[in-house]
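Undergrad: predicted model and sequence below, questions to follow.
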There are 2 protein chains.
Amino acid sequence: MLELAILGILKDQELHGYELKKRLTETIGPLTSVSFGSLYPALARLEAAGAVKAVEAHTGTKPIPMTGSLGAEVAAFRARRGAVRGSRGKKVYGITGRGHELFAELLTASSHSPEDDRGFNLRLAFARYLPPDARLGLLERRRAQLVERLAKGRSSIRSSRDRLDNYARCLLEHRSEATERDISWLDQLIAAEFAASNSQKQKETT
Amino acid sequence: MLELAILGILKDQELHGYELKKRLTETIGPLTSVSFGSLYPALARLEAAGAVKAVEAHTGTKPIPMTGSLGAEVAAFRARRGAVRGSRGKKVYGITGRGHELFAELLTASSHSPEDDRGFNLRLAFARYLPPDARLGLLERRRAQLVERLAKGRSSIRSSRDRLDNYARCLLEHRSEATERDISWLDQLIAAEFAASNSQKQKETT
DNA sequence: CAGCCGTTATATCGGATCGATACGTCGGGA
DNA sequence: TCCCGACGTATCGATCCGATATAACGGCTG
């Protein structure tokens, strides 16, 4: 799951871990906080799988941990800084051909099963890489899932009305309202998909 | 975190694991799905800590309905291990005095730090166990957190407008709107707290 | 009534993830 | 100068999740 997000970001541009994390949290939202404790192992997995590779951060410096010539190394680093702020021990990752393949696999895979919220948000963020029909299927599956969730939430409010205090009930109601709005938001997206599809057909017939 | 939820549910009534899971998902919402793979270890931890204890499930005095000698062997095996179980192997858990203490600790603890969404939802669901001032503090800290999150989200939309395609931008905007609604919802809750507090004072002065 | 299936129920395993922490560089302000 | 905060990589232990195993039970159908 995290692999998909990483590959999707790296498709746009090469980045190093720290910047990648910031980009991730602002793309897939701060709700799903990605920690370094999962980001770096995920990058290592991807690199082992040949999906990404670490490229030199400009100026082919080798990561030599020599302590004897530390002064010379530092001096070299300082001499080189200026173009892209501080080219020190950064490891910049780039996506490979295998990485593009893996991205397509992950984006399509298991999009036909009850996915969780994060999975949907992630897939939607990269929906431009999906063919139009898969995009529409994604949205409609999500809609059905939310409708079911809403029904369950309402029934659980109804069934346990007397067992809940004000705070818990208020929480459940707020959540149901949020789900309702999500559904109508999805309806908008679905309508937009249909509109785009129709205008596409119009263009084709002319 | 999960311990807090378990203890909060068990404060109301004794339950066995399976029912506890259902109660959890309907109380703290299906968004934060609790799996058995975390529930049972958490119950084991709580039992080891003396916060909960397995009580005898009310059995219909029909402990061995199984066929042949195999059933007897299984029953004997279970008896040898000394498990507290009913006729169908249920383990009903009840909260202890230490459990009530632990619940109070967990509910109060680290409520003064930038907690995550699940932490807040959980604490709000059990807000009735908090003193009024702590309740208000919880709500206002949450509000401040959401305001900050909204500002960050908006700025990230603004800063990366050209880098995002329609889907990603739409996602971010939808999220910002949801955060706005969460904030106004919190405002309602805070106002309700003040109203309750005032009516309480009114009662005291009369 | 035999066979099958869905629900109830406990439990464990491997892998993914998180939060904290360590270690180190760098620029800026007291 | 010296400390603080931002940048940057990395790892550890605990926890959490999804899948899976096991098994008794109720209901339904042929």
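TA: Structure received.

Undergrad: only C-alpha atoms from now on, for both contacts and neighbour counts.
TA: Noted.

Undergrad: what parts of chain A come near DNA strand D?
TA: A:16-19, A:36-38, A:40-41, A:85-86, A:89-92, A:116 (Cα under 7 Å from any atom of the strand).

Undergrad: wait, A:A54 sits on A:K90?
TA: No: checked against Cα atoms under 8 Å, the pair A:A54 and A:K90 is beyond contact range at 9.7 Å.

Undergrad: give me the buried positions along the longest helix along chain A.
TA: Looking across chain A with DSSP state H, the single longest helix is helix A:166-205. Within helix A:166-205, the residues scored as buried using 16 or more other Cα atoms under 10 Å in any protein chain shown are A:167-172, A:175-176, A:179-180, A:182-183, A:185-186, A:189-190, A:193.

Undergrad: in chain A, what helix or strand scores lowest on average pLDDT?
TA: Ranking every helix and strand in chain A by mean pLDDT, DSSP states H and E puts helix A:70-80 at the bottom, with a mean of 40.

Undergrad: what's the helix or strand just after it in contact with?
TA: Using DSSP states H and E, the next helix or strand after helix A:70-80 towards the C-terminus is strand A:92-95. Strand A:92-95 is contacted from outside by A:7, A:10-11, A:13-17, A:51-57, using Cα atoms under 8 Å, 6 or more residues apart in numbering or on different chains.

Undergrad: so how far is stretch A:149-168 off the chain centroid?
TA: 32 Å (Cα atoms, centre = their mean, to the nearest Å).

Undergrad: now stretch A:32-46
TA: Distance, centroid of stretch A:32-46 to centroid of chain: 12 Å (Cα atoms, centre = their mean).

Undergrad: look at the spatially closest residue to A:K21 that is not a sequence neighbour and give its secondary structure.
TA: Leaving aside its sequence neighbours, A:K21 sits nearest to A:V34 (Cα to Cα, 6 or more residues apart in numbering or on different chains; 6.9 Å). Three-state call for A:V34 (DSSP: H, G, I helix; E, B strand; the rest coil): coil.

Undergrad: quick one: name the residues of chain A near chain B.
TA: A:26-27, A:29-31, A:117, A:121, A:124-128, A:149, A:153, A:156, A:165, A:167-168, A:171-172, A:174, A:178, A:185 (Cα under 8 Å from any Cα of the partner chain).

Undergrad: was I right about A:K91 contacting A:V55?
TA: Yes: contact criterion Cα under 8 Å: A:K91 and A:V55 qualify, at 6.9 Å.

Undergrad: how near is A:A151 to DNA strand D?
TA: Distance, A:A151 to DNA strand D, using Cα to the nearest atom of the strand, to the nearest Å: 20 Å.

Undergrad: let me redo that: A:S176
TA: 20 Å.

Undergrad: tell me the pLDDT of that residue.
TA: Note for A:S176: predicted pLDDT of 95.

Undergrad: give me the number of residues near the residue nearest to it when sequence neighbours are not counted?
TA: Spatial nearest neighbour of A:S176, chain neighbours left out: A:L150 (5.9 Å); criterion: Cα to Cα, 6+ apart. Other residues near A:L150 come to 19 when the count uses other Cα atoms under 10 Å in any protein chain shown.

Undergrad: for A:L150, what are phi and psi?
TA: phi -60, psi -40 (degrees, to the nearest 10).

Undergrad: one more: A:D165?
TA: phi -90, psi -180.

Undergrad: list the contacts of it.
TA: B:R128.

Undergrad: please, which helix or strand holds the residue of chain A found nearest DNA strand C?
TA: Here chain A gets closest to DNA strand C at one residue, A:G37, 3.3 Å apart by Cα to the nearest atom of the strand. Here A:G37, judged by DSSP H and E, is contained in helix A:36-48.

Undergrad: could you point out which element follows that helix?
TA: That would be, after helix A:36-48 and using DSSP H and E, strand A:52-55.

Undergrad: show the average pLDDT along that following strand.
TA: 90.

Undergrad: contacts for it next, please.
TA: Residues contacting strand A:52-55 (Cα under 8 Å, 6+ apart): A:L43, A:L46, A:E47, A:K91, A:V92, A:Y93, A:G94, A:I95, A:T96, A:G99.

Undergrad: with respect to pLDDT, which of the residues you listed ranks lowest?
TA: Among the contacts of strand A:52-55, A:K91 has the weakest pLDDT, 91.

Undergrad: which non-adjacent residue is nearest that one?
TA: Nearest residue to A:K91, sequence neighbours excluded (Cα to Cα, 6+ apart): A:H16, at 5.4 Å.

Undergrad: what is the burial count for that neighbour?
TA: Other residues close to A:H16 by other Cα under 10 Å number 16.

Undergrad: if I look at it, how far off is B:Y40?
TA: A:H16 sits 39 Å away from B:Y40, going by Cα to Cα, to the nearest Å.

Undergrad: do the helix or strand containing A:R141 and DNA strand C meet?
TA: Secondary structure assignment for A:R141, by DSSP H and E: helix A:132-159. No: judged by Cα under 7 Å from any atom of the strand, helix A:132-159 stays clear of DNA strand C, getting no closer than 13.7 Å.
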